[in-house]
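Colleague: Need coordinates for the following:
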Amino acid sequence: MNPLGLSATAFCCMVFVLIGGVPFSNAQLDPSFYNSTCSNLDSIVRGVLTNVSQSDPRMLGSLIRLHFHDCFVQGCDASILLNDTATIVSEQSAPPNNNSIRGLDVINQIKTAVENACPNTVSCADILALSAEISSDLANGPTWQVPLGRRDSLTANNSLAAQNLPAPTFNLTRLKSNFDNQNFSTTDLVALSGGHTIGRGQCRFFVDRLYNFSNTGNPDSTLNTTYLQTLQAICPNGGPGTNLTDLDPTTPDTFDSNYYSNLQVGKGLFQSDQELFSTNGSDTISIVNSFANNQTLFFENFVASMIKMGNIGVLTGSQGEIRTQCNAVNGNSSGLATVVTKEDGMASSF
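Modeller: Model prediction:
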């Protein structure tokens, strides 16, 4: 019996799953969905991301996170990509996304290349899902066959984005509640948190841990003292808050299990990271230890959780549409020129 939950293989064999109160069948999505209509899709996406990551390796973590931020708000439907219009309030301006999410321009670049090769065929939601998997691969992380066939939403939900996306200041109770709302297990929570093995974070999202944690006037006692001093040098008290530091101080651009090893020695950057190991008596501690000791086990569970996440609330068949441009619904070009957020550092925990 596997105490950590489903392996990737076991998960893929499930046919019916209930996520967030919305039933769906894995049979609706299929890795071979575009085999006859856009057979070079993977190579197109991979080509763009390979070029982008050479100049900006941080982008790989940002795209994994962008997929997460899409799926946790009304499902994996590319709603996060929609700009403000007269009838749409963009999710990009919600607090967890504003001045935070990155990669919108990269997704648009991919979409343009895909449209040139396969017009009116591939959804932006599927491009997000593929980009997350290829980003993991390019960072030397796990790979998987991405189930495809999602369609794009006609709406966005700004208020739901503010409600559903976890914050870097969440304690373990709030993190578990947030994931439970999506019918995700504790193992899913710990596995998906491992996405923080790559990427960067802005000082403003953890500076309270360095100087005045929970209004105590002192640093967070769970922080490694040497790591604390390093972070204080990067993030001075009263500073601008926009300086960046690595989410994983050991191998910042490699997708590996060092994220969990860092938690074991008090080197989790966000409170929401360190809570997984430093909450007394928590069932997350044994999972962190298992993933730190067995990278293959972490990879298997990360893949299973990513596939599970990629199925939240998907639109298929005749639902939604296939957008020709990712930041506006078809026939509403007025949204294309509107930019409602700056792409910068990390705001949500994931």
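
Colleague: and residue 196, how many neighbours?
Modeller: Residues near residue 196, counting by other C-beta atoms under 10 Å, number 26. C-beta here means a position set from N, CA and C on the backbone, and glycine is covered the same way.

Colleague: quick one, domains of the chain?
Modeller: For the chain, automatic domain parsing gives the domain ranges 28-165+309-335, 191-300.

Colleague: ok now the longest one, how far from the chain's centre?
Modeller: Between the mean C-alpha location of domain 28-165+309-335 and the chain-wide mean there is a distance of 11 Å, by C-alpha atoms, centre = their mean, to the nearest Å.

Colleague: before we move on, what about the shortest one?
Modeller: Remark: domain 191-300 is offset 16 Å from the chain centroid, using C-alpha atoms, centre = their mean.

Colleague: got the end-to-end distance for that domain?
Modeller: End-to-end distance for domain 191-300: 9 Å, by C-alpha to C-alpha, to the nearest Å.

Colleague: And the strands in the stretch 101-250 of the chain?
Modeller: In the stretch 101-250 of the chain, the strands defined using DSSP state E, counting those that start in this stretch lie at 200-202, 244-246.

Colleague: what helices or strands is the last one leaning on?
Modeller: If you count contacts as 3 or more C-beta pairs under 8 Å, 6 or more residues apart in numbering; DSSP states H and E, strand 244-246 packs onto strand 200-202.

Colleague: pretty sure residue 139 is touching residue 254, no?
Modeller: Yes: counting by C-beta atoms under 8 Å, residue 139 does reach residue 254; the two are 6.2 Å apart.

Colleague: what is in contact with these two at once?
Modeller: Both residue 139 and residue 254 are in contact with residue 198, where contact means C-beta atoms under 8 Å, 6 or more residues apart in numbering.

Colleague: out of the two, which sits in the more crowded spot?
Modeller: Ranked by neighbour count (other C-beta under 10 Å), residue 139 and residue 254 place residue 139 first, with 21 against 14.

Colleague: could the strands of the stretch 101-250 of the chain go into CSV alongside mean pLDDT and mean neighbour count?
Modeller: What follows is the strands of the stretch 101-250 of the chain, written out as CSV (pLDDT from 0 to 100; neighbours: other C-beta atoms under 10 Å):
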stretch, mean pLDDT, mean neighbour count
strand 200-202, 95, 22
strand 244-246, 97, 17
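
Colleague: and residue 169, which of those is closest to it?
Modeller: Set against residue 169 and scored by C-beta to C-beta, the strands of the stretch 101-250 of the chain come closest in strand 200-202, at 12.2 Å.

Colleague: Buried residues in the strand or helix carrying residue 43, which are they?
Modeller: Assigned by DSSP states H and E, residue 43 belongs to helix 41-55. Under the neighbour-count criterion of 16 or more other C-beta atoms under 10 Å, helix 41-55 has 41, 42, 44, 45, 46, 48, 49, 52, 53 buried.

Colleague: Which elements pack onto that helix?
Modeller: Using 3+ C-beta pairs under 8 Å, 6+ apart as the contact test, the elements touching helix 41-55 are helix 58-71, helix 104-117, helix 124-138.
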